[in-house]
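J.: my questions are about this predicted structure, shown below with the sequence.
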Amino acid sequence: MDPISALDWLLHHGIGAFIRVDPGRDGRRPWTFFASGGPLGDQPIRVDANSPEDCIRLARRQFAEHGLKLPE
């Protein structure tokens, strides 16, 4: 699932999320994905990675721990 489709899926499941890029990290995992609310309760998900696609791929595991399965 591409990052924009993932954000749309999360929206429809009551989860707020964003993907951000921060060039001030000197090339070290400049992308951040953050999600909270809805079925995540008070346990937000944060992933730092080298691309937005990697963020979603890595966050998939954390969503599974909350019983949420992002479509492929």
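T.: Structure received. Numbers count the residues shown, from 1 in each chain.

J.: any idea of the mean pLDDT in the single longest helix found in the chain?
T.: The longest helix of the chain (DSSP state H) is helix 52-65. Looking at helix 52-65 alone, the average pLDDT works out to 95.

J.: Ser5 versus Gly37, what's the distance?
T.: The spacing between Gly37 and Ser5, counted by CB to CB, to the nearest Å, is 19 Å. All C-beta spots, glycine's among them, are computed from the backbone N, C-alpha and C.

J.: let me redo that: Arg60
T.: 13 Å.

J.: who has more neighbours, those two?
T.: Arg60 (17 against 12; other CB atoms under 10 Å).

J.: just give the nearest non-adjacent residue to the more buried one, would you?
T.: The spatial neighbour of Arg60 that comes closest, neighbours along the chain excluded (CB to CB, 6 or more residues apart in numbering), is Leu70 at 5.3 Å.

J.: need the contact list for the one you found.
T.: When contacts are counted by CB atoms under 8 Å, 6 or more residues apart in numbering, Leu70 is found next to 1, 6, 9, 56, 59-60, 63.

J.: now do Asp2
T.: For Asp2, the contacting residues are 53, 56, taking CB under 8 Å, 6+ apart as the criterion.

J.: re earlier: could you check the longest helix of the chain and say which residues are buried?
T.: Of the residues in helix 52-65, 52, 54-57, 59-60, 62-63 count as buried by neighbour count, 16 or more other CB atoms under 10 Å.

J.: repeat that for stretch 14-29.
T.: Of the residues in stretch 14-29, those buried by neighbour count under the rule 16+ other CB under 10 Å are 15, 17, 19.

J.: on that earlier part again, now the phi/psi pair for the residue nearest to Arg60, please.
T.: Taking degrees, to the nearest 10, you get phi -70, psi 140 for the backbone angles of Leu70.
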